[in-house]
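Asker: give me coordinates for this.
(2 chains)
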Amino acid sequence: MLDLNSLKSEMAAASGTYSELRYQENTDLRLSLLNGQLVTNLQESSRGVSARAFSGGYWGFSSHVSPTRDSAVSALKEAVRNATFLSGRRQKHAKLASTPAIQFERSYASKKAPIQTAAWIDFMKGLDAIITAKYKDLKARSVTLMSLDMEKYFITSDGSLAHTLVPRAHIAISMTKDSATGPVQARDVRGGLGQMQDQVTPDPKAFEEWIESVYQMVSKKSEGILPAAGEHDVILAADLAGILAHEAVGHTAEADLVLGGSVAGDCLGKTVASPLVTLVDFAHTYEGETAPQPVHVDDEGVTAKDTVIIENGTLKTFMNNRETAAHFSQPATGHARAFTFADEPLIRMRNTAILPGKSKVEEMISSIENGYYLMKAGNGQADTTGEFMFATGFGYEIKNGKLGRPLRDSTISGVAFDMLKSVTMVSDDFEWESSGYCGKKQPMPVGMGGPAIKCRLQVGGQ
Amino acid sequence: MITIQSKQADAILEKMKKAGFDQAEVILTASDMTEMQVDAGEVSLMRNTEDLDITLRGLRGGRYAMVNLNQTDDESLERSIEKLKGAAESAPVDEARAFAPKQASAKAVDEGPTTPSLEQMYDRMAGFVEVASTKFPTLKLEQSGVQFRRSHFLRKNTLGLELDESSGHYSMSVMFSSKEGEKTSSFNFAGAISQDLDKDFMKWGSVERLVSNSVKEVHHEAFAGKFKGTVVLTPDCVYDLMGTWFTHLRDDRMISGTSQLRDKIGEQVASPLLTIRVEPFGKDFAVHEHSTGDGYLAEPSTFIEKGVLKSYLLTDYGARKTGLPRAVNSGANRVIDAGQDSLDSMIKSTKLGLLMGRFSGGNPAANGDFSGVAKNSFLIENGQVTKPVSEVMVSGNAFELMRSISAISQERVNDGGTLTPWVKVEGLTVAGAS
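Answerer: The predicted structure follows:
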């Protein structure tokens, strides 16, 4: 194991320069059973060392796969050389916010003994056997297991030193069934923080209820309708409220996107949402429990703290790295994260959530004469204008305050702050969604959460 | 760049055979990348990475597994081979798993530049930032950059396969939006690939057109109407919508039996105006597919000719699994044949329609139904592109869309890897926010 501490003198040698050295290893497992056939049987590991240097207002970065002291020294020299290449061409007055040095160590590795791949494959076959024995009218089914462990050691020239290991593991089931309008699919995923043995007991029988719920979903969808296109009163369940918090609002408040012209840039201190809406990017803990993607210290050596983005409807702050924190004179709260050893840290969300309110979901449904209850989220995208769209995978129409026919796949869209201002009810429950990856140059595991919210937005359909 | 050699691959294959694999394959990819990145309108980061990827694929008693690693030391390799062995042992026997045989006509390939011109990379990128800010003062550049990548790929297996490919190319990508006062346009992005830096970045692919459109898009208006009719897809979003259709030709849907295009070879599945070829060695392209993902030498093909489906896009595994023919390429270097109409005449003949720049949609349903938001799009009224519109939902069905193509432009955009025209389609539902 490379001892980063022993490289302090090399880091100090580049005077006038801030630098970081990071050793990182990502390990992932993907197993996928499609119609009983093991179509993916893959284990990956990547490790290496990288350095980033800040000099004359510019950043230089370099990485090597060989995790040796020599590689680390080379990476450091090359990072400084790269920053100098840029600073030699033009003047720039960027600065970094100074933050207190931190010494930190935290591993979320499982305390249980690891389970061999063979046992996981047998477990998946067991789940598949339950599906095929019980549900004869499926056109296709799949069972997927996926896990990712990210382990980082880093040191900064201003004295921070950290070691973290954050794993996550998930299991997903998908079923496809024919309908009068062609095949429909339903998918559900379970899991979260921890290694596979923490998340899944390899006993297929323990999952029968869950399998039944996915079957119910695909069956209802096969008889489902498409929502009428247009603007409607809707209730977004926690799954969708979380994506909304991340995609529609979170991205526009990332300081690098603010500098790129995002709509949130002009809204600091202004009302952007109903007073019922408070939106927080949690660092690592919510209500005394560890959030799905805990970040205690970021990849610039900054102690991670919760960032309250919207408080009772008012936009309070952006999410910053050290450079944008200095630019906007806002606190750096630990948002700089890199996906692999070869990636530079970017401003990323961690666990973004709308806080629960006081309403009951039943009251929310009964308050709608004509609208939709949207329960399952697919992928989504946000825009610098605050326009967003995301896919909905399941739900019900609401007629005269009661749930009606089930819904097939559709899309919802709107303008983030307009939609947030239309929120009239927020439920008193809360759920995390933990399997998401955020895409922004590099992928990144994130947590998203929320209660159910009642709002108005544009629904797709035909 | 990390040196990778044929004898290194042989040594790994030997270890895999010793571990009990009947057939083994190793893929070594070494690459060096240099990047200059623009953040918030300034070249602010220079980054270089040295990468190595080793893929080990093994078959043991008909049981298959794959492991990836990025270290060459004996301990890492042995640990990975052990993992591979464990994963294969637990896999079910699958007769469809096989490795590509020796490709008799395979020759070592080396194309493109070997080292980056750093000064030129900087000058082009900084020059672009300068021109963009002077010519389009309301444009906001977001994450953008220029990249040079040189890679060496070596693939060997115990059936005698040996592929040796080296290549280098530059790529650039720009992400941007425009802002006037508090009004902002949707973000958009453009990019292209080239073997040299001879041309200004504005002239690469769709860059100049999309950047100048972005400035106009600040004045977007919410579209209040609803119609079922014409949408002209720009080359930048043709595959956003056709992508759904392509998935029905690939392994997942074909193997699971959920493809809507299975058994449609020889049938009219798209408009007779549509011909899509794959040209892995297209001389106008900067990157080429010399061999397929499963180790066969790539060949050119036509997979839709005048709307008739000629080929699936199955891998070797997908082909064995379904008993259907393997595609002779992965479908990467796609060329849509130019049509008869000029873009201008396609617009002029449209009474009411949408010129769609980007489609932001959810995963399409299994039956091909899709819906999403039209971004960076303009309204066409009485044969004229009139105004940028926002909050427009577009929905339809991927299979109907392919059949409803009513015109294809003579003009096409080459992004260094694909050649794509404007495509006019009918019968999509276009609905405003209210």
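Asker: contacts only, for the residue most central in space within chain B.
Answerer: With distances taken as CA atoms, centre = their mean, B:A332 lies nearest the centre of chain B, 6.4 Å away. Contact partners of B:A332, counting by CB atoms under 8 Å, 6 or more residues apart in numbering or on different chains, are B:278, B:280, B:289, B:417. For the C-beta atoms, the positions are set from N, CA and C on the backbone; glycine is no exception.
Asker: could you rerun that using 7 Å?
Answerer: By CB atoms under 7 Å, 6 or more residues apart in numbering or on different chains, the contact set of B:A332 is B:289, B:417.
Asker: how much space separates it from chain A?
Answerer: 21 Å (CB to the nearest CB, to the nearest Å).
Asker: before we move on, what about B:F201?
Answerer: According to CB to the nearest CB, B:F201 stands 17 Å off from chain A.
Asker: strands along the stretch 101-250 of chain A, start to end?
Answerer: A:103-107, A:138-156, A:161-177, A:184-193, A:230-236 (DSSP state E, counting those that start in this stretch).
Asker: host element of the residue nearest to the centre of chain B?
Answerer: Using DSSP states H and E, B:A332 falls within no helix or strand.
Asker: secondary structure class of the residue in the stretch 301-450 of chain A positioned nearest to chain B, three-state.
Answerer: Using CB to the nearest CB, the closest approach of the stretch 301-450 of chain A to chain B is made by A:A391 at 2.2 Å. Under DSSP: H, G, I helix; E, B strand; the rest coil, A:A391 falls in the strand class.
Asker: wait, it touches A:L374, no?
Answerer: No - A:A391 is beyond contact range of A:L374, at 10.2 Å (criterion: CB atoms under 7 Å).
Asker: what's the neighbour count on the residue of the stretch 301-450 of chain A closest to chain B?
Answerer: Other residues lying near A:A391 total 25 when counted by other CB atoms under 10 Å in any protein chain shown.
Asker: for B:E426, same thing?
Answerer: For B:E426, the neighbour count with other CB under 10 Å is 18.
Asker: find the nearest non-adjacent residue to it, please.
Answerer: Of all residues beyond its chain neighbours, the one nearest B:E426 is B:S404 (4.5 Å), with distances taken as CB to CB, 6 or more residues apart in numbering or on different chains.
Asker: for that neighbour, what are its contacts?
Answerer: Counted by CB under 7 Å, 6+ apart, B:S404 has contacts B:271, B:425-427.
Asker: quick one: which of those is most hemmed in?
Answerer: B:V425 (25 neighbours).
Asker: let's verify it: helix, strand, or coil?
Answerer: Following three-state DSSP, we place B:V425 in the strand state.
Asker: so how far is B:T386 from it?
Answerer: Note on B:V425: its distance to B:T386, by CB to CB, to the nearest Å, is 20 Å.
Asker: I'd like to know which of the contacts of B:S404 is nearest to chain A.
Answerer: Out of the contacts of B:S404, the member with the shortest distance to chain A (by CB to the nearest CB) is B:G427, at 10.7 Å.
Asker: got the contacts of B:S404 as a markdown table, with distance to B:M346 and pLDDT columns?
Answerer: As requested, the contacts of B:S404 are exported to a markdown table (distance: CB to CB, whole Å; pLDDT from 0 to 100):
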| residue | distance to B:M346 | pLDDT |
| --- | --- | --- |
| B:S271 | 14 | 98 |
| B:V425 | 11 | 98 |
| B:E426 | 12 | 97 |
| B:G427 | 16 | 95 |
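Asker: need the max-distance pair from these.
Answerer: B:S271 and B:G427 (11.6 Å; CB to CB).
Asker: and B:L249, how close does it get to chain A?
Answerer: Taking CB to the nearest CB, one finds B:L249 at 16 Å from chain A.
Asker: okay, and residue 85 sits in which element?
Answerer: Assuming you mean chain A. Assigned by DSSP H and E, A:F85 falls within helix A:69-87.
Asker: that answer is for a different chain, and I need it for chain B
Answerer: Short version: B:K85 belongs to helix B:74-90, going by DSSP H and E.
Asker: now the element after that helix, going C-ward?
Answerer: With DSSP H and E, the next secondary element past helix B:74-90 is strand B:109-111.
Asker: after that next one comes which helix or strand?
Answerer: Assignment by DSSP H and E places the next element after strand B:109-111 at helix B:118-135.
Asker: and for that next one, what's in contact with it?
Answerer: A:85, A:89, B:36, B:38, B:41-43, B:139, B:141, B:146, B:148, B:197, B:200-202, B:211.
Asker: in strands, which of these appear?
Answerer: Among the contacts of helix B:118-135, the members found in strands (DSSP state E) are B:36, B:38, B:42-43, B:139, B:141, B:146, B:148.
Asker: what stretches of the stretch 151-300 of chain B score poorly on pLDDT?
Answerer: Nowhere does the stretch 151-300 of chain B drop to pLDDT under 70.
Asker: how about the residues of the stretch 51-200 of chain A by chain B?
Answerer: Residues of the stretch 51-200 of chain A lying close to chain B (CB under 7 Å from any CB of the partner chain) are A:58-65, A:78, A:82-83, A:85-86, A:89, A:92, A:116-118, A:121-122, A:139-140, A:176, A:181-185.
Asker: now those: which count as buried?
Answerer: A:58-65, A:78, A:82-83, A:85-86, A:117, A:121, A:139-140, A:176, A:181-185 (16 or more other CB atoms under 10 Å in any protein chain shown).
Asker: let me see the domain layout of the chain.
Answerer: Reading this off chain A. Here the domain parsing of chain A from automatic domain parsing is A:4-222, A:230-459.
Asker: um, chain B though
Answerer: Taken from automatic domain parsing, chain B resolves into B:6-217, B:220-434.
Asker: next helix or strand past the helix or strand where B:F227 lies?
Answerer: In the assignment (DSSP H and E), B:F227 maps to strand B:226-233. Next helix or strand after strand B:226-233 toward the C-terminus (DSSP H and E): helix B:238-247.
Asker: mind pulling the model confidence for the closest residue to A:Y108 other than its chain neighbours?
Answerer: Leaving aside its sequence neighbours, A:Y108 sits nearest to A:V166 (CB to CB, 6+ apart; 5.4 Å). As predicted, A:V166 sits at a pLDDT of 97.
Asker: which of the contacts of helix B:118-135 are buried?
Answerer: Burial by neighbour count, 16+ other CB under 10 Å: within the contacts of helix B:118-135 this picks out A:85, B:36, B:38, B:41-43, B:139, B:141, B:146, B:148, B:197, B:201-202, B:211.
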